[in-house]
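Asks: Give me a model of this one.
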Amino acid sequence: MKADFLFSLFLCILGQLSEAQYHYQSLMNYLESRMLAMEERIALWHEQNDRYNSDLKKFKQQASELLEKIGKEHGKLRLDLEGAGVRVDRVEREMDYIETKNPPKPCVRAADKMVEQEAVVTEKKKEEFFELSVCLDIVSNIRAMKILKRVGSTKGVWTKDSRTAKVYVFNGTSEDTVYEFNSVKELSASPGVSKGKQITLPSAWNGTGHAVYDSFLYYISERSELQVVKFDLKNGSMADSAVLPVEAQTPVYSLNPETLVDLIVDEDGLWALYPAGDTINLAKMDSDTLDIEQMWDTSCPRNSAEAAFIVCGTVYVVYNTRPPSRSRVQCVFDVNDMITGGEAPLLYFPRRFGAHSSLKYNPVERQVYAWDDGYQILYRLALKKKLWAIAPPPEE
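Replies: Now for the predicted structure:
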């Protein structure tokens with residue numbers, strides 16, 4: 001009986017061992033199959049990695065060759081552009097020289113047309129002209145340009161009093177200190193503005209629309225309203241002030257947003273250019289009382305305008321682009337309507353550094369004092385008689 005029990009126990013143990021061996025073999029087979037699969041994947045990864053490395057090396061080589069080729073073409077293109085720039089500069093200098101040596105002649109057809117239309121010109125307009133101005137000149141071309149020096153900020157004003165011949169420098173668009181020099185030569189010899197006489201104003205100016213006339217400075221004060229201040233340069237005190245009847249405080253020139261009103265002096269006295277919607281308006285002012293005597297709508301657009309100057313009651317508005325290119329006069333307005341469309345000059349300024357922040361005409365010297373990107377520039381103008389003066393209307 002005991003022997004049967006031991007035999008049965010032996011058989012049971014033997015069966016369990018057989019089952020365990022079976023499971024062990026199955027586990028080993030599974031692990032072996034997984035290892036084989038992993039080895040196949042590793043081999044595939046190595047194969048793909050070698051292929052990717054090979055493709056990457058080819059791509060790097062091709063990119064290097066392309067970059068080298070592009071670099072050579074870029075260098076060639078840069079040399080071509082530099083050569084083209086040199087040629088363009090040479091052509092512009094030749095054009096400026098030709099314009100200087102060969103000023104445009106009066107248009108005969110325009111003169112004939114003016115003579116034909118004289119019969120419809122009213123006597124009242126003639127009387128208005130002689131009451132307002134006795135100057136009969138019009139700008140024909142720019143004879144020469146002289147760069148004096150570079151001093152101050154990008155924007156500013158320098159001008160010369162036609163009565164006293166003293167020069168005044170306004171550095172920036174919002175300051176209260178003016179520098180006075182006895183002559184242009186003194187300013188040229190001065191390191192910066194250190195040799196100039198400092199004049200402190202009662203209030204800061206606004207923009208670049210200042211004017212100096214007969215030892216009086218006229219400027220727009222930096223206040224909420226557009227106030228014209230008349231400052232006596234001899235005794236250093238404010239002589240008078242007046243508020244301009246301008247509603248909207250928008251810039252008179254879109255390319256110089258700091259200038260709301262431009263005060264200008266010519267042979268006939270003090271003028272003011274101010275914005276009116278999308279155009280520029282003109283006002284004749286009494287230099288003694290600051291009263292407005294008469295107003296005109298010039299129809300000259302504010303857009304792309306950078307500055308303006310007045311010669312003999314004729315407004316010349318200068319336009320430019322952004323970024324700056326070559327400035328040009330492309331809108332002319334005469335207060336007496338004495339200039340025909342064919343007679344109005346299309347003036348191009350010589351190529352410079354940037355854009356004009358101010359243009360101030362001196363009627364005695366017939367020169368424009370310009371401020372361009374910190375440079376003080378002189379433009380000498382050539383004038384001719386208006387066609388109205390050459391062929392006046394017949395008297396009744």
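Asks: Which helix or strand in this protein has the lowest average pLDDT?
Replies: Sorting the helices and strands of the chain by mean pLDDT, DSSP states H and E puts helix 108-116 at the bottom, at a mean of 35.
Asks: Low-confidence ranges, this protein, go.
Replies: Residue ranges of the chain with pLDDT under 70: 1-2, 7, 89, 92-93, 95-134, 224, 340-343, 387-396.
Asks: swap the cut-off to 50 and go again
Replies: 103-131, 394, 396 (pLDDT under 50).
Asks: The strand ranked longest in it pairs with which strands, parallel or anti?
Replies: Longest strand in the chain by number of residues (criterion: DSSP state E): strand 137-150. Applying DSSP bridges, strand 137-150 is found paired with strand 375-385 (antiparallel).
Asks: one step back: next secondary structure after the longest strand of the chain?
Replies: Sequence-wise, the next helix or strand downstream of strand 137-150 (DSSP states H and E) is strand 156-160.
Asks: Grab the CA positions of that following strand and hand them over as PDB.
Replies: Taking C-alpha atoms only, strand 156-160 is exported to PDB below (Å, rounded to 0.1, in the frame of the first residue of the first chain):
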ATOM      1  CA  GLY A 156      16.000 121.800 -38.100                       C
ATOM      2  CA  VAL A 157      16.100 125.300 -39.700                       C
ATOM      3  CA  TRP A 158      18.800 127.700 -40.600                       C
ATOM      4  CA  THR A 159      18.000 131.000 -42.200                       C
ATOM      5  CA  LYS A 160      19.400 134.500 -42.800                       C
END
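Asks: That strand - contacts with which helices or strands?
Replies: Taking 3 or more Cβ pairs under 8 Å, 6 or more residues apart in numbering; DSSP states H and E as contact, the helices and strands that strand 156-160 lies on are strand 167-171, strand 211-213, strand 356-362, strand 367-372. Bear in mind the C-beta positions are built from the backbone N, C-alpha and C, glycine included.
Asks: when you compare where the first one runs with where strand 367-372 runs, what's the angle?
Replies: Pointing back at strand 167-171 there. Counting by axes from the mean of the first three to the mean of the last three Cα atoms, to 10 degrees, strand 167-171 lies at 20 degrees to strand 367-372.
Asks: thinking again about what came up before, got the helices and strands packed on strand 156-160 as CSV, with mean neighbour count and distance to Arg51 columns?
Replies: Formatted as CSV, the helices and strands packed on strand 156-160 follow (neighbours: other Cβ atoms under 10 Å; distance: least, Cβ to Cβ, whole Å):
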stretch, mean neighbour count, distance to Arg51
strand 167-171, 23, 69
strand 211-213, 24, 80
strand 356-362, 26, 65
strand 367-372, 25, 64
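Asks: can those go into JSON lines with extra columns for distance to Ile339?
Replies: Output for the helices and strands packed on strand 156-160, formatted as JSON lines (distance: least, Cβ to Cβ, whole Å):
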{"stretch": "strand 167-171", "distance to Ile339": "31"}
{"stretch": "strand 211-213", "distance to Ile339": "23"}
{"stretch": "strand 356-362", "distance to Ile339": "17"}
{"stretch": "strand 367-372", "distance to Ile339": "19"}
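Asks: ok, which stretches of the stretch 151-300 of the chain are strands?
Replies: Assigned by DSSP state E, counting those that start in this stretch, the stretch 151-300 of the chain shows strands spanning 156-160, 167-171, 177-181, 197-200, 211-213, 216-220, 227-232, 237-243, 262-266, 269-276, 279-285, 292-301.
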